[in-house]
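1. just coords:
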């Protein structure tokens, strides 16, 4: 039976609810951020593919980076869920409020960080890949330049087209740097969430 100190129960029956809310909110928010980033960046890649089909595979990186966010949420959610201890055979709760609040904070920390990172990656990826395609194609559509239709087609742009691709590559480097720092936001949240999830207190240790 848990010990009640000054009218306060360290391990009430509702304590596991906060832990499961932390695990659930973590995976939900992380997946929402991942889906948001994939949606926005995917729209940009599809739009860019009309102007510059050769850059589709090269500009798929924002979608990959957005998809990783869901893995962060999955990792933290699994750790939190496995840390929630079961009640004793007599039906007494061994999972303390200390652990519950720590796990709730860990879930919100990782989930909200992934949500913010997903929105950032999606918006930057959308605008960035559209700008890359516009820069690389010189503002022309593929049905005008003939790009990507067959291997024997000749690029009518000549030197101007080469200069446009070089300028687009400079833009691509800046795009990658912005995406890396946006992904780092989720990584910071993951690191703090892992540290928070290790702060546990078991009532059986009293």
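-> All right, it came through fine. Every value quoted in this text rests on a predicted model; they were computed, and no experiment measured them. Numbers count the residues shown, from 1 in each chain.

2. CA atoms for contacts and neighbours, from now on please.
-> Fine.

3. Could you look up the SS state of the closest residue to residue 183 other than its chain neighbours?
-> Distances taken as Cα to Cα, 6 or more residues apart in numbering put residue 117 closest to residue 183, at 5.9 Å, once the chain neighbours are dropped. With DSSP: H, G, I helix; E, B strand; the rest coil as the basis, residue 117 sits in helix.

4. Let me know the pLDDT of residue 117.
-> Note on residue 117: pLDDT of 96.

5. same deal with residue 204?
-> For residue 204, the model assigns a pLDDT of 65.

6. Kindly report the same for residue 158.
-> Per the predicted model, pLDDT is 49 at residue 158.

7. again, but for residue 171
-> Note on residue 171: pLDDT of 82.

8. so what secondary structure elements neighbour the host helix or strand of it?
-> Here residue 171 sits within helix 159-197, counting by DSSP states H and E. Under the contact criterion of 3 or more Cα pairs under 8 Å, 6 or more residues apart in numbering; DSSP states H and E, helix 159-197 touches helix 61-83, helix 97-137.

9. buried sites along that helix?
-> 161, 164-165, 168, 171-172, 175-176, 178-179, 182-183, 185-187, 189-190, 193-194, 196-197 (16 or more other Cα atoms under 10 Å).

10. show me where pLDDT drops low in this protein?
-> The chain contains residues with pLDDT under 70 at 1-9, 139-165, 204-206.

11. Next one: the residue most central in space within the chain relative to residue 30, how far apart?
-> For the chain, residue 69 is the residue whose C-alpha lies nearest the centre (Cα atoms, centre = their mean; 2.4 Å). According to Cα to Cα, to the nearest Å, residue 69 stands 6 Å off from residue 30.

12. between the two, what contacts are shared?
-> Common contacts of residue 69 and residue 30, defined by Cα atoms under 8 Å, 6 or more residues apart in numbering, comprise residue 114.

13. Residue 61 - how many residues pack around it?
-> Per other Cα atoms under 10 Å, the neighbour tally for residue 61 reads 17.

14. residues of stretch 196-205 that come out buried?
-> Counting neighbours by 16+ other Cα under 10 Å, one finds that the buried residues in stretch 196-205 are 196-197, 200-203.

15. Show me which of those is closest to residue 131.
-> Relative to residue 131, the closest of those is residue 196; by Cα to Cα it sits at 40.2 Å.

16. list the contacts for the closest one?
-> 102-103, 105-106.
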